[in-house]
Structures are given as C-alpha cells and as structure tokens.
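Chemist: Using only what follows, build the 3D model:
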Amino acid sequence: MNGSSNNYSLEEIVLTRNGEIYNPVDVRETIFLIVTKSICCLIGIPLNVAIAISIIRHRQLRCKPRNIFLLGIVLSYLSFFLPAIIELIYWGLLPIEWVCQGYVALVGVPRALLLMNMLLALVDRYVAINHPLLHRGKMTARFASVVIIISSVFIVFSIKFVFIVGLGTIRCEMWLVHIKIITLILAILFVSCTALNVIVYRQTKTHLSDSRTLSPSSNDDGMDWTAERPIIIDGSVGNVRASAPGNVTNDPSGTENADGPAMSIHVGRRKFSQMEIEATRTLIIGVASLIVTCLGVILASSFFICRFIFGQSECSNYNWMGPYLRELLLFPAVYFPIVLILRSKELMLG
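Modeler: Presented below is the predicted three-dimensional model:
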C-alpha cells in the first residue's frame, strides 16, 4: 500500500516525509488515542442512538418538524463514529486494503452531513421566527423528512462526485483533488451555518425585545398593556393577553378574545434576562460546535497553502496532525447528546 499509485502521479496524492504514499488509517497511533477513541464510541454511540429512538418512537416528538431536523443532526453525529470504528478494526483486526478503502469512502461525509442538517435546522428556525404563519401552514414533519433525505443524498453525491462518475478510484491514499473538493464544500457550509446562526440569534433577541414593548390600551375595566407584536413559541403564533400582571390567557387560534384586545403580555425583567442568556448560550454552543467540526477545513487549507509555497516534501509534517484532529472531532458527537438531554425536558421524559 505504500508503493506508487496505479491511478495518480505522486504529485496528486499526499506523501510522507520519506516520499511514500500516506496511509490515512495506518498511522501508528499511540495507545492514548486508541483508548480515547474507544471511550468516545462507547459513550457517544448509545447516547445518540437513545435520542434518535426517543424521537422516532414518541409521536409527540416526531410530529414536530423541528424535532425531525434535530433527528437529522443526531444521525449526522452518529455517522462520526463510523470512521472511528473502521480505524479500530484496521488497527486491531483487519489491516487490509478494502477496510482502508471503506475509510476513504467515508472521509468528509459525516462532517458535511452535520453541517447540512445544521443549516436546514437554522433555515427552519429563521422561517419560523420571521414567517410564522407560513411555517405553521407549510412545514410538516413529512416535508422536513423529505428535505433532509434529498439534501443528504445531494451532499454525499457532491463530495464523492469524482468517484461516482469514475474520474478516480477509491484507494488507500489521499487524493488531493478529492481533498480539495471536500475542503471547498465544508468551507461553504461552515460559512453559511455561522452566518445564519448569528442571524437567527439576532432575530431571536429582536423578538424577545419586542415581546416586552407594551403600549397602553384602555377599555371599560381600565387600563390594559398590549404587546405590539405576536409572540413566537416553537414556530407557532399565539395571541397572549394579560389584563393584569400574573393573569395571562392564551388563544392559539389567533383570534381576539371578546373581553379585550389580543396579544397582551407582560414579561418580567428577570425572565427576559433568562431568555436572552439562553439564546446567547445556544449561539455559543452552536458556533463552538461548528468551529470544532471544521478544524479539518483549517488544517487542509493550511496544508494546501504550505504545499503551494514550499512544496510537498516540506509540508509532510501536517500528516501527524490528522489522527489528533479526528480524535477531537469525536468530542462534539459525545457532548452534544449530553447537552441536548439536559436542556430538553421532552427528551428527558421520553
């Protein structure tokens, strides 16, 4: 496997410092990385599977479109463990060509699926916040499932296009053309997710502020305080009225109550601060996960810049970072389900 390639010239593939073909799986890992990878698999796989089963089994969870997008994210995180399992099999049981080929076939796919599903979930939240009536009428769990499936097929086809159409052959080596395609697609998805994450965060803060903007409206009983905008809860619109602090009634049908003007609400300063903190925390967790997930894009970009300036032989030191980076990418797949379970009462009860 370390001989010359039958399909590509040596200038088109990643080489070691000795000029041999770089094997992406047989990297002579330390026992520390093998143990940590095993621990991540033992913890992360059951957690993600448990959340996925909980969403699929319980009707009150799977009937909500936002939970379908969440299921797509969980399944994407679950796919992170497939390359790790292949690596463990290669090191401990079957150090043969076709096992390494299976690993190369999966390179870049889990991260791309994760970013795509995150982008779809953010688009869903953006539409729910800015166009709640349209979202409530058009977005269904079935439609969300179809969108996720089509998007996933498209992203896998885009990443593995060179192999699907026969422009290259999957071998136990890293083809630079393949790496460039993966890096470009991941970079586009990363920038899109980060930008939309910030936009959704700002829109959330705007609506939180609007929900506290109250205007006086008099009736026969005296003075009411009426909110200027509808309150968005899980993508739905509800008109909330309070004639006095602490007495709040909700009319989900969107019609005015007979006893006074609709959309009246009072939000205490402490509760409002808690909601702002929660929105900020969600933004930080989301962006942090994106940054950790896309460290491979930064490493690959640095490698191509180094190769362009100094040449292939001077940039072989980047190879040793690969195993540690792959280990780091498993951490979000472990802590994400833990955070999700702790923050979601529905999943805890499910």
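
Chemist: list the contacts for residue 63?
Modeler: Counting by C-beta atoms under 8 Å, 6 or more residues apart in numbering, residue 63 touches residue 141. Placement of C-beta: from N, CA and C, glycine included.

Chemist: can you give me phi and psi for it?
Modeler: phi -80, psi -10 (degrees, to the nearest 10).

Chemist: how near is it to residue 138?
Modeler: Computed as C-beta to C-beta, to the nearest Å, the residue 63 to residue 138 distance reads 15 Å.

Chemist: do the same with residue 19
Modeler: Computed as C-beta to C-beta, the residue 19 to residue 138 distance reads 57 Å.

Chemist: ok, and the residue positioned nearest the centre of the chain, which helix or strand is that part of?
Modeler: In the chain, the residue lying closest to the centroid (C-alpha atoms, centre = their mean) is residue 118, at 3.7 Å. In this structure, residue 118 sits in helix 109-130 according to DSSP states H and E.

Chemist: List the buried residues of that helix.
Modeler: 109-122, 124-126, 128-129 (16 or more other C-beta atoms under 10 Å).

Chemist: How is this structure partitioned into domains?
Modeler: Listed domain ranges for the chain are 21-191+286-349, 213-266 (source: automatic domain parsing).

Chemist: Specify the stretch among the ones you listed that is closest to residue 200.
Modeler: Among the domains of the chain, the nearest to residue 200 by C-beta to C-beta is domain 21-191+286-349 (5.2 Å).

Chemist: What strand or helix carries residue 299?
Modeler: helix 295-310.

Chemist: May I have that helix as CSV, with CA atoms only?
Modeler: This file holds the C-alpha atoms of helix 295-310, laid out as CSV (Å, rounded to 0.1, in the frame of the first residue of the first chain):
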residue,chain,number,x,y,z
LEU,A,295,-10.9,22.3,12.2
GLY,A,296,-10.3,19.9,9.3
VAL,A,297,-11.1,22.7,6.9
ILE,A,298,-8.5,24.9,8.6
LEU,A,299,-5.9,22.1,8.6
ALA,A,300,-6.5,21.2,4.9
SER,A,301,-6.4,24.9,3.9
SER,A,302,-3.1,25.4,5.7
PHE,A,303,-1.7,22.3,4.1
PHE,A,304,-2.5,23.5,0.5
ILE,A,305,-1.1,26.9,1.3
CYS,A,306,2.1,25.3,2.6
ARG,A,307,2.3,23.0,-0.4
PHE,A,308,1.8,25.9,-2.8
ILE,A,309,4.6,27.9,-1.1
PHE,A,310,7.1,25.3,0.0
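
Chemist: helix or strand right after that helix?
Modeler: With secondary structure assigned by DSSP H and E, helix 295-310 is succeeded by helix 321-343.
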